[in-house]
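Undergrad: Sequence and predicted structure, then a few things I'm wondering about:
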Amino acid sequence: MRVQLLTTSLLLASVALAGCGGGSGDGSSPAPSASDAGAGSSAATAPGETGAAVGGGAAAGTEQAQTAPEPEPSDVRYVSPEGDDGADGSEATPWATVAHAVASVGPGTKIVVRGGTWPGLEIAAVDGTEEAPIVLAGEEGNRPIFTGPVKVSRAYWILDGIEVASTEPVFSVRFTGAGSHDNVLRNSVVRDGTGAAGVSIDLDASRILVEGNEIFNISRGETDAHGVVVQPTTREVRVVGNEIHGTSGDSVQCIGPGQDAVEGAPANGVVIEGNTFYDTRENAVDIKHCENVEIRGNVMHGFRVSSTSNGEAIVVHLLASNVKVEENDISNTSRGVVTGRGATNVVVRRNVIHDMADEMTAILFGEGSGFSAVHNTIVGAATGVQALAGSGMPAVRNNIFESVGAAVNGEAAVDTNLFSRTAATGENPVEGEAALDGENVPADGSAAIDNAAPVEEEPACGAGPDFGAIERC
């Protein structure tokens, strides 16, 4: 059994480097708008018993936080292509349009939309409550398809089991404005969009959960289009358990104020957890000037060099601050985790970075401060950790470097790491066989077991902590 070492929180309370750029308020244009929020585009720049483990290296099956149970609806109404808006919306006599339904119900209602093709939708008339959210749900086994954008500017709405395949060049799903809070998009499909993002959270929206969706084929050709974009002035956004692939930008981007987006406070309190990201044109996760961000337990693969990206899985830059990158599984990328351009206080911890491609740099620290790489497992990279000038002597400790060409390049505080089939460097090096199994867990006899430096905030399973991302118990 493998368990995450770090405590996971509830998903939703109450219910050289890559540069990036633009999108309009509705997600249609590369030009920013003073009254609306921009999306983003990028431009390239410089286990005791075997199988039991505690720690990161989040592969499929990683334990994820769960949302609080949805309250039972006090009323259920139905919408059908064969319905009548003059009817009562019952199962026997459903309404004809979703627009009529969302403007007619009150807190605690569940709207069941039967299969068919529906136009875009704006939820702008009615709020749910914390105790009685409003649910807009696709009929089980007969998912409705919205061919226009879905925009939510009210509170306590749950969109569940719908499909959005908007033909308009704007955000496919948008949570926007201060009135848009405590909302959820889950168990849905967002596909084939031609706007700047599949899902946008912007303009003071808060406590938004994007969970368990598939988001794919969001593309504007050689121009950025992201799976999810989190924009300035937003708070407490969680992107959890989604599969995002096939975009012409990033899987998830958090864009900063004035960075081809509106001015104002940076997005704060963003959690990106337990997702699978692959095969987008740029990055899995791109964090710009955003604050208090957690990127954990995700699987990321297939990020390669393109015309606008150096093939990074994760980029943290452009004044981003207080960012934790932990327990992710990163593979088949040119670069694993990159920081720089004024980023501060970035912890890269308990990640497994392996089977790399192209440049094969696992971790690159650029200009900034407060960087550390602790308890990571790096396998088969050309460079394990690269510390560029101005990176502030990042701490490199308790990592496993397995079959790495150069464990550490540049000036860094390198202390107590395991070098397996890798030339040792730094203070207090430990040399020996990591003896990793197929899931990058130290096997019996591994030099990684119990030999790492003590870390007060993290428990050990044996006489001492293990090197690397996964504590073997």
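TA: Looks like it came in fine. Residues are numbered from 1 along each chain as shown.
Undergrad: Centroid-wise, who is the farthest residue in the chain?
TA: G86 (43.0 Å; CA atoms, centre = their mean).
Undergrad: quick one: the nearest residue to E131 once chain neighbours are set aside and P107, what's the gap?
TA: Ranked by CB to CB, 6 or more residues apart in numbering and with sequence neighbours excluded, the top spatial neighbour of E131 is P71, at 6.5 Å. Every C-beta, even on glycine, is put in place using the N, C-alpha and C of the backbone. To P107, P71 is 10 Å away according to CB to CB, to the nearest Å.
Undergrad: Repeat that for G384.
TA: To P107, G384 is 54 Å away according to CB to CB.
Undergrad: who's more crowded, those two?
TA: Neighbour count, other CB atoms under 10 Å: between G384 and P107, G384 has more, with 31 against 18.
Undergrad: Confirm that A103 lies within a helix, as I assumed.
TA: Yes: residue state for A103 (DSSP: H, G, I helix; E, B strand; the rest coil) corresponds to a helix.
Undergrad: so what's it up against?
TA: With contact taken as CB atoms under 8 Å, 6 or more residues apart in numbering, A103 is in contact with A125, V126.
Undergrad: ok, 10 Å please
TA: Residues near A103 by CB atoms under 10 Å, 6 or more residues apart in numbering: T97, E122, I123, A124, A125, V126.
Undergrad: now those residues in TSV, with secondary structure?
TA: As requested, the contacts of A103 are arranged in TSV below (three-state DSSP):
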residue	secondary structure
T97	coil
E122	strand
I123	strand
A124	coil
A125	coil
V126	coil
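Undergrad: Narrow those to those that are buried.
TA: T97, E122, I123, V126 (16 or more other CB atoms under 10 Å).
Undergrad: Give me the local confidence score for the second one.
TA: Confidence at E122, expressed as pLDDT, is 98.
Undergrad: What residue, apart from its backbone neighbours, is nearest it spatially?
TA: Ranked by CB to CB, 6+ apart and with sequence neighbours excluded, the top spatial neighbour of E122 is K151, at 4.7 Å.
Undergrad: How much space separates that neighbour from R186?
TA: Counting by CB to CB, the gap from K151 to R186 is 17 Å.
Undergrad: Could you do N398 as well?
TA: For N398, the distance to R186 - CB to CB - is 37 Å.
Undergrad: more neighbours, these two?
TA: N398 (28 against 20).
Undergrad: show me what contacts that one?
TA: By CB under 10 Å, 6+ apart, N398 lies in contact with 349-350, 373-376, 415-418, 430, 448, 451-455, 458, 465-469.
Undergrad: please redo it, this time with the cut-off set to 8 Å
TA: If you count contacts by CB under 8 Å, 6+ apart, then N398 has V374, H375, T416, N417, A452, A453, V455, P465, F467, G468 around it.
Undergrad: just the residues you listed: which has the poorest pLDDT?
TA: V455 (80).
Undergrad: Might one say that that residue is in contact with H375?
TA: Yes: V455 lies in contact with H375 (CB atoms under 8 Å); the separation is 7.5 Å.
Undergrad: neighbour count winner among the two?
TA: Neighbours were counted for V455 and for H375 using other CB under 10 Å; H375 has more, 30 against 15.
Undergrad: how much space is there between the more buried one and R154?
TA: 43 Å.
Undergrad: list the contacts for the nearest residue to G366 once chain neighbours are set aside?
TA: Distances taken as CB to CB, 6+ apart place G340 nearest to G366, at 2.2 Å, with adjacent residues excluded. By CB under 8 Å, 6+ apart, G340 lies in contact with L17, V316, H317, L364, F365, G366, E367, G368, L388, S391.
Undergrad: Can you say which two of those are spatially most distant?
TA: Maximum pairwise distance among these (CB to CB): 14.0 Å, between V316 and L388.
Undergrad: More neighbours: which of those two?
TA: More neighbours surround V316 than the other of V316 and L388, with 32 against 19 (other CB under 10 Å).
Undergrad: isn't the more buried one right up against R341?
TA: No: using CB under 8 Å as the test, V316 is too far from R341 to be in contact (9.3 Å).
Undergrad: coming back round to it: hey, what's in contact with both of V455 and H375?
TA: In contact with both V455 and H375: N398, P465, using CB under 8 Å, 6+ apart.
Undergrad: Do I have it right that S206 meets T234?
TA: Yes: counting by CB under 8 Å, S206 does reach T234; the two are 6.3 Å apart.
Undergrad: higher neighbour count, the two?
TA: A count of neighbours by other CB under 10 Å puts T234 above the other of S206 and T234, at 31 against 20.
Undergrad: For that one, list the residues it contacts.
TA: I201, D202, L203, D204, A205, S206, I208, A267, N268.
Undergrad: circling back to that earlier point, for the contacts of G340, could you give me CSV that also reports pLDDT and distance to R77?
TA: Listed next are the contacts of G340 as CSV, based on pLDDT from 0 to 100; distance: CB to CB, whole Å:
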residue, pLDDT, distance to R77
L17, 34, 51
V316, 98, 45
H317, 98, 47
L364, 98, 53
F365, 98, 54
G366, 98, 54
E367, 98, 55
G368, 98, 52
L388, 98, 58
S391, 98, 57
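Undergrad: Would you format these as CSV with distance to E82 included?
TA: As requested, the contacts of G340 are exported to CSV (distance: CB to CB, whole Å):
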residue, distance to E82
L17, 55
V316, 51
H317, 53
L364, 58
F365, 60
G366, 59
E367, 61
G368, 59
L388, 63
S391, 63
